[in-house]
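give me a 3D structure for the following:
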Amino acid sequence: MLHSIILGEGQPFLILHGFLGMADNWKTLGAKWSENGYQVHLIDQRNHGRSLHSGTFSYEIMAQDIKDYCDGHQLKNIILLGHSMGGKVAMKFAVEQESYLNKLLIADIAPKEYASHHSDIINGLRSIDFDIVKSRNEADEMLGKVIPDLGTRQFLLKSLYRVNKNRYAWRFNLDVLGTAQDKVGIHKTILNPINTPTLFIRGGNSGYILDSDKMLIDHAFAKAELKTILDAGHWLHAEKPQEFYNIVTDFLK
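Numbers count the residues shown, from 1 in each chain. Here you go, the predicted structure:
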């Protein structure tokens, strides 16, 4: 069973984080939705956070993980939101298990293939020598030599934890995810359109969902909408949380 943080009572609302993320990334927004009559499940996906580490990365397996999670918690009629890699998992789940879904939300990822673009981040993470690092600041300083963007480093450092008083480690499975980085952007054509009401949300400053991708979205999702949050990048839910919250909440009404 995947690790999760469960907030509130009501209709199940599952949230899937992106590559190298974790459930904690969504706690603030999840708490707000839990106050609106939803039981929010913030899920650590396989090889991330506190969930199982395995030697396998595939969207088929991660979608099966979500089915197993729903069955284990006896969840039906769910709302499913996925960001980036989590959006890929959510789309795969919709293809294979649409009967579980009430509504589907996909944040800043399209139903298409993406070229591998995580090598700098993976190299930066691999550069951290946990035999030397004794504090979060030291890890940030070492990471900054490879990853200059502060926001990206802060996001990654949320997965840094203290194994014991003398040693830090990453909560994600860097060995597997580093090797699997070329698989993160893959996509298999959706042959039969998904009929679940679906909302795609993109950042206006992000290049992940292009105007030309609307045709791909409409082909794969029969009841799809596309909303744009201006002045937001790929981490649109963190950069513009109130706008993101409002768009999602309006869609769920």
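
list the contacts of stretch 177-191.
19-20, 47-48, 57-59, 85, 88, 91, 95, 111-119, 122, 125-126, 219-221 (C-beta atoms under 8 Å, 6 or more residues apart in numbering). C-beta coordinates here come from the backbone N, C-alpha and C atoms, glycine included.

could you say which helix or strand holds the nearest residue to Lys32 once chain neighbours are set aside?
Leaving aside its sequence neighbours, Lys32 sits nearest to Tyr245 (C-beta to C-beta, 6 or more residues apart in numbering; 6.0 Å). Here Tyr245 sits within helix 241-252, counting by DSSP states H and E.

got the contact list for that helix?
With contacts defined as C-beta under 8 Å, 6+ apart, helix 241-252 is touched by 28-29, 32-33, 36, 38, 79, 81, 103, 105, 107, 197, 199, 201, 225, 227, 229, 232, 236-237.

for it, what is the average pLDDT?
The average pLDDT within helix 241-252 is 98.

one more: stretch 113-129?
On average, stretch 113-129 scores 93.

buried ones in that stretch?
In terms of neighbour count (16 or more other C-beta atoms under 10 Å), stretch 113-129 has its buried residues at 118, 121-122, 124-125, 128.

would you map the helices across the stretch 1-150 of the chain?
27-34, 59-72, 85-97, 119-126, 136-144, 150-157 (DSSP state H, counting those that start in this stretch).

could you give the angle of the last one to helix 119-126?
Between helix 150-157 and helix 119-126, the angle formed by their directions is 50 degrees, by axes from the mean of the first three to the mean of the last three C-alpha atoms, to 10 degrees.

only alpha carbons, please: show helix 150-157 as CSV.
This file holds the C-alpha atoms of helix 150-157, laid out as CSV (Å, rounded to 0.1, in the frame of the first residue of the first chain):
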residue,chain,number,x,y,z
LEU,A,150,16.8,28.5,-5.8
GLY,A,151,13.2,27.4,-6.3
THR,A,152,14.2,24.1,-7.8
ARG,A,153,16.7,23.5,-5.0
GLN,A,154,14.0,24.3,-2.4
PHE,A,155,11.6,21.8,-4.0
LEU,A,156,14.2,19.1,-4.1
LEU,A,157,15.4,19.7,-0.5
